[in-house]
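> predicted model follows, preceded by the sequence.
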There are 2 protein chains.
Amino acid sequence: MKKRIITIARQFGSGGHTIGQETARRLDVPFYDRNLISKIADESGYDQDFIQSLDDAETMAKSRLAQFLMGRDTKGKSISDYVYEAQKRVIRNIAEEGPCVIVGRCSDRILHDREDVLTVFIYADLDKREARILRRYGATDVPVEKRIEEKDGRRAAQYRYYTGVEWGAMENYDLCLNSGSLSTELCVDLLTSIVSGTVPTLGKGL
Amino acid sequence: MKKRIITIARQFGSGGHTIGQETARRLDVPFYDRNLISKIADESGYDQDFIQSLDDAETMAKSRLAQFLMGRDTKGKSISDYVYEAQKRVIRNIAEEGPCVIVGRCSDRILHDREDVLTVFIYADLDKREARILRRYGATDVPVEKRIEEKDGRRAAQYRYYTGVEWGAMENYDLCLNSGSLSTELCVDLLTSIVSGTVPTLGKGL
């Protein structure tokens, strides 16, 4: 089946967000990243700032906020469960609306049953990611390798908590691209070509 | 730098060998797989059948043959070390000769320092691999999932033994393609396009 929707999961500093944004621009389709938060707020009834704070929370296993969020109500559900359920509904509705590119937010897993979704993981060597982070966001008091470890650790923990599946495990994606060796430009070209059906077929076979 | 050489590592039953073969055919470049054995035999001085038997040996850690092979001579080297050194020289020479596609034989790692090499890993869901193996090679007394486990286990063990690096770990490749979800045809199209420089660029950006 033809792929119309791209989900992008990415290592921090791999340029995955930029790749997603540029791919959406070239395909002339909506791009969803943090801008999903206002939709999730509307859907869940929780405040945008509160939902944002979930993104910025420490690894689920560690933080006090997380422990509070994982407290269960009489239906056996935590606040974070309710937010995730709203996120699922929002992302499923968006997919129903038509072609788009979605970065993060467990979107690959949420849309896992749809055959029109191309699930992508973007990664790069550590030195390339460090250089990109320093170039784009600058240095902070925290060493850059520590920032990567924390951010990706949080992404992996949240993904595992919500989906029960390993973040960044090859078998969960249709393709995995090393943006450091291929270049972000080539990654955009590849994704754009796959979805627009313009990958050249130089011959017949198989 | 422009990529001229493709190395393909693949899960058993993923169609990676076929993808490599067809990509080489379309690019009109030499294709190397088991046919490397005769070159390695010439280079090492060992018999072809003997080198073939190394491929078919049990996981290095387990087999009696492996234990014999890992016995050291006065230079501290095992027979399998000598064969691997010959294999390295053969693969490096081939890469010097010009564009080509090489399947397996630690070729990605052996050519790791060359910027003109595109390193690819091909994988697929277990059910797709099982179906492909039964279609192509038929059923045997050994259950198909056991055949996959043994073959990929051997590949992983040999790769780890010779290179010290994890086989099939995403970060060791430029791109990883799920041939089950993308189709083997699209994998060929993508690899052919990357190496021939014909991936469409639909716009400017980044």
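Perfect, thanks for sending it. Worth saying up front: this structure is predicted, and the values here are computed from it rather than measured.
> please count neighbours and contacts with C-alpha atoms only from this point.
Will do.
> following the worst-scoring helix or strand of chain A on mean pLDDT, which helix or strand comes up?
Scoring the helices and strands of chain A by mean pLDDT, DSSP states H and E places helix A:64-69 at the bottom, with a mean of 60. Per DSSP states H and E, the first helix or strand lying C-terminal to helix A:64-69 is helix A:79-97.
> can you count the residues close to A:D73?
9 (other C-alpha atoms under 10 Å in any protein chain shown).
> to clarify, my last question referred to A:P143.
Neighbour tally, A:P143, other C-alpha under 10 Å: 10.
> who's in contact with it?
With contact set as C-alpha atoms under 8 Å, 6 or more residues apart in numbering or on different chains, A:P143 has no partners.
> if we use 10 Å, what do you get?
Applying C-alpha atoms under 10 Å, 6 or more residues apart in numbering or on different chains to A:P143 gives the contacts A:E130.
> report pLDDT for it.
You'll see A:P143 listed with a pLDDT of 95.
> one more: A:D49?
On pLDDT, A:D49 comes in at 86.
> sec struct for it, please.
On the three-state scheme (DSSP: H, G, I helix; E, B strand; the rest coil), A:D49 is labelled helix.
> hmm, it is touching A:I40, no?
No. A:D49 lies out of contact with A:I40 (C-alpha atoms under 10 Å); the separation is 11.3 Å.
> neighbour count winner among the two?
Under the neighbour definition other C-alpha under 10 Å, A:D49 and A:I40 were set side by side, and A:I40 has more, 23 against 11.
> could you list every residue that touches that one?
Counting by C-alpha under 10 Å, 6+ apart, A:I40 touches A:46-48, A:51, A:83-91.
> I'd like those residues as CSV, with distance to chain B appended.
As requested, the contacts of A:I40 are exported to CSV (distance: C-alpha to the nearest C-alpha, whole Å):
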residue, distance to chain B
A:Y46, 35
A:D47, 33
A:Q48, 29
A:I51, 29
A:V83, 30
A:Y84, 27
A:E85, 27
A:A86, 28
A:Q87, 25
A:K88, 23
A:R89, 25
A:V90, 25
A:I91, 21
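> may I ask which two of those are separated the most?
Using C-alpha to C-alpha, the contacts of A:I40 span at most 18.0 Å, a distance reached by A:D47 and A:I91.
> where does chain A have low pLDDT?
A:57-71, A:202-206 (pLDDT under 70).
> hmm, stretch A:188-201 in reach of chain B?
Yes. Using C-alpha under 10 Å from any C-alpha of the partner chain, stretch A:188-201 reaches chain B at A:188-190, A:192-194, A:196-201.
> buried subset of the residues you listed?
Buried members of these, counted by 16 or more other C-alpha atoms under 10 Å in any protein chain shown: A:188-190, A:192-194, A:199-200.
> in JSON lines, list these along with secondary structure.
JSON lines is the format used below for those (three-state DSSP):
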{"residue": "A:V188", "secondary structure": "helix"}
{"residue": "A:D189", "secondary structure": "helix"}
{"residue": "A:L190", "secondary structure": "helix"}
{"residue": "A:T192", "secondary structure": "helix"}
{"residue": "A:S193", "secondary structure": "helix"}
{"residue": "A:I194", "secondary structure": "helix"}
{"residue": "A:V199", "secondary structure": "coil"}
{"residue": "A:P200", "secondary structure": "coil"}
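> among those, which one sits closest to A:G104?
Among those, A:V188 lies closest to A:G104 (C-alpha to C-alpha), at 16.7 Å.
> do I have it right that that closest one meets A:V101?
No. A:V188 is beyond contact range of A:V101, at 11.8 Å (criterion: C-alpha under 10 Å).
> shared neighbours of the two, which are they?
Common neighbours of A:V188 and A:V101, using C-alpha under 10 Å, 6+ apart, are A:20-24.
> of those residues, list those near chain B.
A:21-23.
> how about the helices in chain A?
Along chain A, counting by DSSP state H, helices occupy A:16-27, A:36-44, A:48-56, A:64-69, A:79-97, A:107-110, A:126-137, A:144-163, A:179-182, A:184-196.
> nearest to B:P30, of the ones you listed?
helix A:179-182 (23.2 Å).
> what helices or strands is that closest one leaning on?
Under the contact definition 3 or more C-alpha pairs under 10 Å, 6 or more residues apart in numbering or on different chains; DSSP states H and E, helix A:179-182 sits against strand A:117-123, helix A:126-137, helix A:184-196, strand B:117-123, strand B:175-178.
> quick check: which of these is nearest to B:W167?
Ranking the helices and strands packed on helix A:179-182 by proximity to B:W167 (C-alpha to C-alpha) places strand B:117-123 first, at 9.4 Å.
> tell me the angle the closest one makes with helix B:126-137.
Counting by axes from the mean of the first three to the mean of the last three C-alpha atoms, to 10 degrees, strand B:117-123 lies at 100 degrees to helix B:126-137.
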